Each structure stands twice: as C-alpha cells, then as structure tokens.
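A.B. asks: what follows is a protein structure lacking sequence information:
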C-alpha cells in the first residue's frame with residue numbers, strides 16, 4: 001500500500017561512466033549532476049516498488065534538485081528518497097544525497113503510478 005514514510009536509499013561509487021567530463025555535463029572529473037539525479041530517481045522508484053501491483057510501476061514527472069558539492073572519482077555516495085505525500089497516483093518525495101563529507105544534493109521529486117502495459121502501448 002502506498003503511504004507517506006516509505007523510503008529507500010541507493011548507494012553508488014563515482015565511476016568514470018558517471019563523471020561530468022564523461023557524461024558531457026561538464027569538463028571536470030567529479031560526479032555529474034545527471035548521474036546524481038538518476039541515483040535519486042532510482043531511490044524514489046524503489047521506495048514504493050514493493051507497495052505496487054506487479055502490473056504497475058512509477059514514472060518520473062518532475063524533479064527539483066540542488067547539486068551542492070562535488071564528489072570525486074572513487075568516492076561512495078548515497079541517495080535517499082522518502083515519500084512525503086500520496087495523492088491518488090501522484091507520489092511526492094523528499095530527496096537527499098550524501099558522500100563521506102556530508103550532503104551533496106537535496107530536492108523534491110514527483111512520480112506517478114502507471115500500468116506498465118498501458119503506458120508502453122502509448123509509444
């Protein structure tokens with residue numbers, strides 16, 4: 001059952017594939033903002049996955065995130081997502097990400113519950 005308080009954390013290591021210089025979002029060898037966003041979205045998706053019918057999933061609708069500090073190659077970081085509001089098929093989350101030195105990102109995210117088959121049939 002979808003409800004406020006559901007949460008999940010995703011742990012990652014900054015690898016070459018998710019550096020700003022590799023992803024093209026910058027020219028430094030630090031965690032790329034798009035990679036941080038992806039980790040946060042992953043945590044949000046997984047926070048509610050077990051509460052959904054197997055025929056359903058969630059899709060991202062909006063994210064508002066601040067990337068506060070750089071994280072170097074090889075450093076571990078964790079993205080946390082917590083459900084703060086459920087309104088029908090709309091789920092709102094609070095997001096935070098940390099590395100060994102503290103908070104590196106924070107924000108909010110909105111996802112929507114969709115039927116997998118019905119959603120894919122719209123392609």
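C.D. replies: Looks like it came in fine. All values derive from a computational prediction rather than experimental measurement.
A.B. asks: check for me that residue 37 belongs to a strand.
C.D. replies: No. With DSSP: H, G, I helix; E, B strand; the rest coil as the criterion, residue 37 is located in helix rather than a strand.
A.B. asks: longest strand anywhere in the chain?
C.D. replies: The longest strand of the chain (DSSP state E) is strand 102-115.
A.B. asks: now do that one, average pLDDT.
C.D. replies: Strand 102-115 shows an average pLDDT of 98 in the prediction.
A.B. asks: contact partners for residue 25?
C.D. replies: 32, 33, 34 (C-beta atoms under 8 Å, 6 or more residues apart in numbering). (C-beta placed from N, C-alpha, C; glycine too.)
A.B. asks: now, those residues that are in helices?
C.D. replies: The members of the contacts of residue 25 that map onto helices under DSSP state H are 33, 34.
A.B. asks: need the contacts of residue 25 in TSV with pLDDT, neighbour count and distance to residue 25, can you?
C.D. replies: TSV is the format used below for the contacts of residue 25 (pLDDT from 0 to 100; neighbours: other C-beta atoms under 10 Å; distance: C-beta to C-beta, whole Å):
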residue	pLDDT	neighbour count	distance to residue 25
32	98	22	5
33	98	16	6
34	98	15	5
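A.B. asks: now the contacts of residue 25 as TSV including distance to residue 17?
C.D. replies: TSV is the format used below for those (distance: C-beta to C-beta, whole Å):
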residue	distance to residue 17
32	9
33	15
34	11
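A.B. asks: quick check, nearest of the contacts of residue 25 to residue 112?
C.D. replies: residue 34 (21.0 Å; C-beta to C-beta).
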